[in-house]
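Student: got a structure for you, letters missing:
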């Protein structure tokens, strides 16, 4: 992956020097041209590890996270502004299947960042996450949302 990025930057500099116009736009054109060349080479050689694929997956994951954080913040705002609070707080036990400690900590941090949820504990075998939720109407829906939006994205990016 890092080798592909290095080759891409090298192609961009070669393009920049061949064009004899040393602007950032020319470098960007060379970088895009290099990415296309490396992508075609990766596809023709049967390799699946084109570095921009992981970057695009990360951007998609980032947008999903920002959307989820916005929706959760809006839901908590509506709960707080409701004249009669009808909250059902509770603790949810969530089974996780992430191979590394970094991925587990990243998931727990995302849960902490999401308004209305808080990671309380990670089990000693690192397979269970205990999450406190401000309002639990359907525990399976909350667990499914965390799995679908956060856990699967983490697994996809850092496989």
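Tutor: Here it is on my side, so go on. Model, not experiment: these values are computed from the prediction. Numbering: from 1, shown residues only.
Student: Spit out the contact partners of residue 119.
Tutor: The neighbourhood of residue 119, defined by CB atoms under 8 Å, 6 or more residues apart in numbering, consists of 108, 109, 111, 112, 129, 130, 131, 132. To be clear about C-beta, it is placed using only N, CA and C from the backbone, and glycine gets the same treatment.
Student: Kindly recompute the last result at 10 Å.
Tutor: 94, 104-105, 107-113, 129-132 (CB atoms under 10 Å, 6 or more residues apart in numbering).
Student: And for residue 73?
Tutor: 114, 115, 116.
Student: ok, 7 Å please
Tutor: residue 115 (CB atoms under 7 Å, 6 or more residues apart in numbering).
Student: Mind giving me the PyMOL select for the contacts of residue 119, buried ones only?
Tutor: Command for PyMOL that selects the buried part of the contacts of residue 119, burial taken from 16 or more other CB atoms under 10 Å:
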select buried, resi 94+104+107+108+110+111+129+131+132
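Student: Tell me the predicted confidence for the residue of the chain positioned farthest from its centre.
Tutor: Using CA atoms, centre = their mean, the residue of the chain lying farthest from its centre is residue 20. It sits 39.0 Å away. Here the pLDDT value assigned to residue 20 is 74.
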